[in-house]
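J.: sequence and computational prediction follow.
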Amino acid sequence: MSATAVRIPHDSRPSTPARERGRRRLRPARERAFWPLLLPALVLYTALFVAPSLYGVWVSLHRWPGPGAEMSWRGLRNYTSLLRNDAFLSSFGNTLVLAVGGGAAVFTVTFLAMTVLRQTRGRAFIRSVVFLPMIISAIAVGAAVGFLLNPDGAVNGLLGAVGIEGPPWLGPDLVFRCVIGGLVWSSTGFYIALMMSAVDSIPPHLYEDAHLAGATKWEQFRYITLPLTWDVFSVAAVLWVVNSLKVFEIVLAFTTGGTPGNPPLEARTVAVQQYITVSGGNTVPDLGQGAAMGVYVVLVTVVLILLIRRITRRDRVELS
């Protein structure tokens with residue numbers, strides 16, 4: 001038997017040093033293309049966000065009644081005076097209660113919905129229904145809830161029909177709790193839709209295996225649903241914090257019902273107090289102090305976001 005010669009083709013690729021030289025030649029070309037593409041977005045971001053933010057910090061160091069009036073330098077006195085301002089401290093405390101207590105209520109309902117809706121018939125329709133309040137104007141939601149809960153409203157009317165005297169929902173002891181309830185009702189649908197989109201991506205066979213192993217609904221949620229949706233929950237928690245620290249319209253509509261006047265102190269958030277400060281309310285407008293409130297909110301937002309990211313940090317769970 002004659003041997004068949006097998007010819008091994010010569011590797012036509014360039015040597016390693018040659019490839020490295022080629023990469024080095026391409027890198028400057030990529031860098032030259034990077035900045036022309038990034039520059040327009042960077043200019044717009046600087047002009048529309050960075051510059052106004054820095055100007056707001058500059059305004060917070062002055063006393064300024066508004067355009068047309070002269071600024072007077074105050075330095076840090078706007079910040080220190082807010083720490084002695086009872087209205088600001090009350091609104092700041094309300095905002096933190098809203099962020100923490102309202103967030104706990106929103107995600108408790110969301111987690112329950114994730115457990116129940118996963119195998120419920122018509123879950124797409126139910127998901128659309130619970131999302132509906134999110135697309136309604138916050139002013140409309142606040143006004144509607146305020147009309148329902150006023151002393152002569154539908155809620156007290158129904159309670160009176162069964163012989164129960166309705167409590168003063170809009171009184172100082174309950175008004176802010178009612179505001180939180182209205183906000184939770186109008187916002188929860190968004191977070192349910194967000195979290196359920198992550199639940200839909202979990203392979204059904206994981207739940208089937210867990211069911212065959214005798215796992216309860218709670219155990220399936222704890223060991224399957226929550227770990228595999230944790231990244232989305234972390235993002236949702238950040239979104240809630242950012243949105244809750246800016247709550248404004250629903251409070252204004254809920255407490256005033258479209259009539260002139262300021263919301264009661266017990267129902268104010270920082271955003272509402274800031275609006276009263278810069279619009280004047282019953283006093284002279286003070287845009288410098290309003291800007292200082294905004295800086296405080298930004299600092300608190302950053303701290304809370306870092307805290308949430310720290311608490312929710314864990315290894316990514318991936319399916320093999």
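T.: Looks like it came in fine.

J.: next, the buried residues of stretch 81-100.
T.: Within stretch 81-100, the residues that qualify as buried are 82, 85, 88, 90-92, 94-96, 98-99, counting by 16 or more other C-beta atoms under 10 Å. For the C-beta atoms, the positions are set from N, CA and C on the backbone; glycine is no exception.

J.: need the strands for the chain, in chain order.
T.: Using DSSP state E, the strands found in the chain span residues 62-63, 72-73.

J.: not counting its own residues, what contacts the first one?
T.: What it means is strand 62-63. Residues outside strand 62-63 that contact it (C-beta atoms under 8 Å, 6 or more residues apart in numbering): 71-74, 78, 286, 288-289.

J.: same question for the last one.
T.: Strand 72-73 is touched from outside by 61-64, with contacts defined as C-beta under 8 Å, 6+ apart.

J.: partners of it, with directions?
T.: strand 62-63 (antiparallel) (DSSP bridges).

J.: check what pLDDT the closest residue to Q220 other than its chain neighbours gets.
T.: The shortest distance from Q220 to any non-neighbouring residue, by C-beta to C-beta, 6 or more residues apart in numbering, is to A210 (5.0 Å). On pLDDT, A210 comes in at 89.

J.: surely A210 meets R222?
T.: No: checked against C-beta atoms under 8 Å, the pair A210 and R222 is beyond contact range at 10.5 Å.

J.: most neighbours among the contacts of strand 72-73, which one?
T.: W64 (22 neighbours; other C-beta atoms under 10 Å).

J.: got the contact list for it?
T.: Counting by C-beta under 8 Å, 6+ apart, W64 makes contact with 71-72, 286-288.

J.: okay, and which of those residues map to helices?
T.: The helices, defined by DSSP state H, take in 287-288 from the contacts of W64.

J.: adding distance to H205 and pLDDT, write the contacts of W64 out as CSV.
T.: Below are the contacts of W64 laid out as CSV (distance: C-beta to C-beta, whole Å; pLDDT from 0 to 100):
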residue, distance to H205, pLDDT
M71, 66, 89
S72, 69, 91
D286, 62, 89
L287, 59, 91
G288, 61, 92
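
J.: could the contacts of W64 be laid out in a markdown table, adding distance to V50 and neighbour count?
T.: Formatted as a markdown table, the contacts of W64 follow (distance: C-beta to C-beta, whole Å; neighbours: other C-beta atoms under 10 Å):
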| residue | distance to V50 | neighbour count |
| --- | --- | --- |
| M71 | 21 | 14 |
| S72 | 26 | 10 |
| D286 | 25 | 20 |
| L287 | 20 | 22 |
| G288 | 20 | 23 |
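
J.: which one of the contacts of W64 is nearest V179?
T.: Sorting the contacts of W64 by how near they are to V179, with C-beta to C-beta, puts D286 at the top with 25.2 Å.

J.: tell me the spacing between the closest one and I276.
T.: Using C-beta to C-beta, to the nearest Å, D286 is found at 10 Å from I276.

J.: and T229, by the same measure?
T.: Per C-beta to C-beta, T229 is found 40 Å from I276.

J.: the two - which one has more neighbours?
T.: Neighbours per residue (other C-beta under 10 Å) separate T229 from I276, with T229 holding more: 24 against 20.

J.: quick check on that one: phi, psi?
T.: Main-chain dihedrals, T229, degrees, to the nearest 10: phi -120, psi 10.

J.: pretty sure it is touching A198, no?
T.: Yes: between T229 and A198 a contact is recorded at 4.0 Å, counting by C-beta under 8 Å.

J.: the stretch 151-300 of the chain: helices as residue ranges?
T.: With DSSP state H, counting those that start in this stretch, the ranges of helices along the stretch 151-300 of the chain come out as 154-161, 175-199, 204-212, 217-220, 226-228, 230-244, 249-256, 270-279, 287-311.
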